[in-house]
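Student: Sharing a model prediction with you, sequence too.
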Amino acid sequence: MPSIPLSYNVRSIRVRWRTTLATVWGVGAVVAVFVMVMSLARGLKATYVQTGDPRNLLVLRSGSTAESSSQITREELARMKYLPGIERDAQGRPMFSPEIIVLIYLDRLNAEGGANVLVRGMGEMGLVVRPSVKLVEGRMFESGRRECVVSRRIANRFANCRIGDSFKAGKGEWTVVGLYEAERSAYESEIWADADEVRAAFGRDFYGSILLRPESEETAARVTKRIESDLALNARVLKETDYYSDQTRSAGPIQFMGGFLAAIMSIGAAFAAMNTMYAAVGARTREIGTLRVLGFKRRSIYLSFLLESVILSGVGGLLGCLASLPLNGVATGTFGWTTFAEIAFEFRITPELLGKGMIFALAMGILGGLLPARMAARKPVLDALKA
Amino acid sequence: MQAIVQIRGLCRAYRQGDIEVVALNNISLDIPEGGFTALMGPSGSGKSTLLHIIAGIDRPTSGSCVVRGVNVAELSETELAGWRNSQIGFIFQTFNLIPVLSAFENVEMPLLLTGLSGAERRAHVEAALELVGLQDRMHHLPRQLSGGQEQRVAIARALVTDPTLIVADEPTGNLDARAAADVLELLTVLNRDAGKTIIMVTHDPKAAGFARRMLHLEKGELLRDEEMRGV
Amino acid sequence: MTAAGFIMRNALRNKRRLLLTVLSVSLSLFLFATLQTALRELTEPQTNAEAALRVITRHRISVATVLPQKYLNRIRQVPGVEAVSQFTWLGGVYQDEKNFFPQFAVDPDTIFKIITEAKVDPLQRAAFERERTACIVGIKTMNRFGWKVGDRITLTSEIWNCSPELVIRGVYSGGIDESNLFFHHDYFDELMDGFGKTGAFWIKVRDEAAIQPVINAIDSSFRNSEAETKTETERAFQLGFISMFGNIQMLIGSISTVVVFTMLLVTASTMSMAIRERMREIAVLKVLGFRGSEIFGLILAESFGLALLGGIVGCGGARLLYSNLDIYTLTQGFFLKFEVTPHILASGLLLAGGLGVLSCLAPAWAGIRMSVLDGLKEVD
């Protein structure tokens, strides 16, 4: 079957650029909105997925689903600290960090209002069990001096969080002595200080959770069994990475919004594409007749017009992807339902997401082109020539 | 008879790329009231341009065209539109009826611009359609009519406002011989019995034969002016 | 025939194009109405006359920091305070994490003196007050889970280390939020081993004039104590929560802009298609004596009407759809209500009309400026 050369379509599009602009824009807008909203959900998810070290175990009170509702007493802590199977550092201390989280309310730096920020009190091994965390400015806090370190992201978003600043929280003033980065994980939405100081300042006589590092995968299973079967402990153990990846569900509403917007907008854009294509078919009735007289089959005409619609939407999709790209890496923040605190993250546009956007675009092109292409193919040759 | 159109020293030049094309070169003529004039000449002779200037849809480069004491060249676009509505009835080669409107509505169109009531408009439209013999086709759409019928609707539309001048641009150019004869017959009747002044562009000598005066143009100049006996 | 009739005829000339255009405009306006409603529901807490007389006292540090229960007596004695209740957010889960709804531990004897607009059967209320593990649930949540009075439910808190086992003794309806569950704060304390703390205090103030004095009196009476307080109106409290959502407003705002812009382009392109194929007719109209302004009027009315029709279908459709859907259940409690208000409706229609006008300007201008002769030369 002879097929109509592609250049015919490309030239036709160029001649009718004004009407095609609307289709291209419509498709582009849908793709841009889809990619942007989804990249927000991705960013939020990725933040949780990237948090934690796969080697670490997190101990919570059994029945607790979150660190905030978990309680671990000092007695329980003592029973666990020197369990065999926990990795030791060079000085022989167990890699074991008792932790407590509290929320404080901080004012935003450049905007109205404020938000809850999570303050994590940690043991002396807190940084050792989190090797992904790097202090990028200043130094680590020292216990006994009401000092804290702040993630650079929080420092960029909230008032009084630069090195040398201090803020009031609980009983007393805390001085910021360092800024850290944590490979864009959920840790970057936190402020860290000494666990016992945090407990004292906020009147807690218990810890919330324990983060520990077993020697190996096999010992991890043994440590888990040992803690969970100890009747005096009433604790449950889970992988730190599992705990955080479970929180990806907080991206649900954003993901829903992205899907909803894209679905409705794409129907609208497909209608616009259909309009353009019908007009194109109408305006080229005579050309279609000529092509038929030259010997092209109905199917060639059909494919040619369908292809033209797909080219149009493909261009729109590309433009939409391009328009959304600058958003990649832009920092933002929202309310995290599980922690009740601000969770800072960034828009994340992946090739896969762009690919999905393009699939969306091409689908719109096919949807918008099917009926007009059929109309073009069905025109009787003589009618087409008479027009 | 009094001259209803007085043309003096009329010139019209176009720019076509870098070349200046002279369509009309220093034309002067009078058209008396109640006449039926045919403008003849080969294509490019300037006959259509002359007609367009008389009808107020084109403007001269220099010279004057006075219709019933009004110099058309001096009117603004907006004044010209109102002037056309009341003074000119235009008949096209391709009929140019509005496809979504019925014969009746097409004829009514120019009356919408006048202050006439619905009942008055109806009376005028019906009279005009009766005059062209289409009173039984009033509610047909253009595509349901033959070419000759379409042109007669267009003639009804041209005369419904009772204009000073009826101008026709190749009115038979798209019609077969029968229909063309009918249309020319109708124009003759309008001229003879209703006293309408008609100016018609044509390149068909047979069509021109229906007129009472023939003006021959060539290369923008008036070549011949001949009076003829009515048919 | 009238001018309006002619405009209608023109609009209906290509019915398929008309349908497609109206549908794409209406989809855009449907989205616009949806986004604006979502924004409103998220950022403008509902309020009423009763709510305006309520204030909330919380810990100065954050809403998540607790206050000593013993503050209750001192607050009660502040002049202008009519009723006060402890108020602790349980953050509990019923069976599955998806089943989220608000639950509060409160003082059973005063809570309905504070939310005076909530209607409860007096017998149910008495039963609720009598029984330590009783709870009263809003009608929306009752319907959502298909609960009946007398049902037993267990909630597992994600914040506190407790799992209250409750029996439903009553249902309330009316007021802003019909989804809450209220249970005894005493029972909560017991589960928490004599907790002695409360998340906040919910206070009913006598009249509007007393609001500011009450706020000042409470906060100054606890200044320099172990736990300083921050007292604010219910609305201010809710707005504080909203500001924690971050720049959601900007996000929704920018999406709306994209949607509106797209719509403008689609309408404009349709209008220019419609006008371009009619250039010859426009020239004929000019020959018949129509002025530029009259031709502009015809085109404008067509474009305006088309966009407005899309607006009515889109915004009206959104209103009709959302008022017949149980949004509360569908969104699993994320949106309490989803009302396309008359204000949103009006701004949607205004937008549609404005876009109709705007989108025909360029093609109409081209039509008016075109000379009659050029127009007559156009082939169909």
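Tutor: Structure's in. What do you need? Numbering: from 1, shown residues only, chains lettered A, B, ... in the order given.
Student: Now the closest residue to chain A within chain B. Nearest residue, chain neighbours left out?
Tutor: Closest residue of chain B to chain A, Cβ to the nearest Cβ: B:Arg143 (13.1 Å). Glycine gets a C-beta too; all of them are placed from N, C-alpha and C. Distances taken as Cβ to Cβ, 6 or more residues apart in numbering or on different chains place B:Pro99 nearest to B:Arg143, at 6.5 Å, with adjacent residues excluded.
Student: Kindly confirm my reading that the one you found is in a helix.
Tutor: No. Assessed with DSSP: H, G, I helix; E, B strand; the rest coil, B:Pro99 is coil; it does not lie in a helix.
Student: ok, it to C:Thr21 distance?
Tutor: Using Cβ to Cβ, to the nearest Å, we find B:Pro99 at a distance of 20 Å from C:Thr21.
Student: Could you do A:Gly320 as well?
Tutor: Per Cβ to Cβ, A:Gly320 is found 22 Å from C:Thr21.
Student: So for these two, which residue has more residues nearby?
Tutor: Remark: of A:Gly320 and C:Thr21, A:Gly320 carries more neighbours, 30 against 27, as counted by other Cβ atoms under 10 Å in any protein chain shown.
Student: And the pLDDT for the residue positioned nearest the centre of chain A?
Tutor: With distances taken as Cα atoms, centre = their mean, A:Gly43 lies nearest the centre of chain A, 1.9 Å away. We have a pLDDT of 88 for A:Gly43.
Student: A:Leu21: neighbour count?
Tutor: As a burial measure, A:Leu21 scores 16 neighbours (other Cβ under 10 Å).
Student: moving C-terminal of the stretch of helix or strand it belongs to, what's the next helix or strand?
Tutor: Assigned by DSSP states H and E, A:Leu21 belongs to helix A:17-49. With elements assigned by DSSP H and E, the helix or strand that comes after helix A:17-49 is strand A:57-61.
Student: Quick one: work out the angle between the very next helix or strand once past that following strand and strand A:57-61.
Tutor: With elements assigned by DSSP H and E, the helix or strand that comes after strand A:57-61 is helix A:74-81. For helix A:74-81 against strand A:57-61, the angle between stretch directions is 150 degrees (axes from the mean of the first three to the mean of the last three Cα atoms, to 10 degrees).
Student: Tell me the buried residues in helix A:74-81?
Tutor: Buried residues in helix A:74-81, counted by 16 or more other Cβ atoms under 10 Å in any protein chain shown: A:76-77, A:80.
Student: From those residues, pick the one nearest chain C.
Tutor: The closest of these to chain C turns out to be A:Glu76 (Cβ to the nearest Cβ; 12.9 Å).
Student: ok, that closest one touching A:Leu233?
Tutor: Yes. Between A:Glu76 and A:Leu233 there is a contact at 5.5 Å, judged by Cβ atoms under 8 Å.
Student: what about the helices in chain B?
Tutor: B:47-54, B:77-87, B:103-108, B:118-131, B:147-159, B:177-193, B:205-208 (DSSP state H).
Student: try the stretch 151-300 of chain A
Tutor: Here the stretch 151-300 of chain A has its helices, by DSSP state H, counting those that start in this stretch, at A:152-157, A:195-201, A:217-229, A:240-245, A:252-283, A:285-293, A:298-324.
Student: among these, which is nearest C:Met1?
Tutor: Closest to C:Met1 of the helices of the stretch 151-300 of chain A, according to Cβ to Cβ: helix A:252-283, at 26.4 Å.
Student: how about that closest one, does it get close to chain C?
Tutor: Yes. Counting by Cβ under 8 Å from any Cβ of the partner chain, chain C is contacted by helix A:252-283 at A:253, A:261, A:264-265, A:267-269, A:271-272, A:274-276, A:278-279.
Student: Any stretches of the stretch 1-150 of chain A with poor pLDDT?
Tutor: Scanning the stretch 1-150 of chain A for pLDDT under 70 picks out A:1-2.
Student: burial count for the closest residue to chain C within it?
Tutor: Across the stretch 1-150 of chain A, no residue is closer to chain C than A:Gly113, which sits at 2.8 Å (Cβ to the nearest Cβ). The local packing of A:Gly113 (other Cβ under 10 Å) involves 15 other residues.
Student: thinking again about what came up before, need the helices of the stretch 151-300 of chain A in CSV with distance to chain B and mean pLDDT, can you?
Tutor: Below are those laid out as CSV (distance: least, Cβ to the nearest Cβ, whole Å; pLDDT from 0 to 100):
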stretch, distance to chain B, mean pLDDT
helix A:152-157, 61, 91
helix A:195-201, 79, 91
helix A:217-229, 79, 91
helix A:240-245, 63, 91
helix A:252-283, 14, 84
helix A:285-293, 16, 84
helix A:298-324, 25, 92
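Student: Alright, I will stop here.
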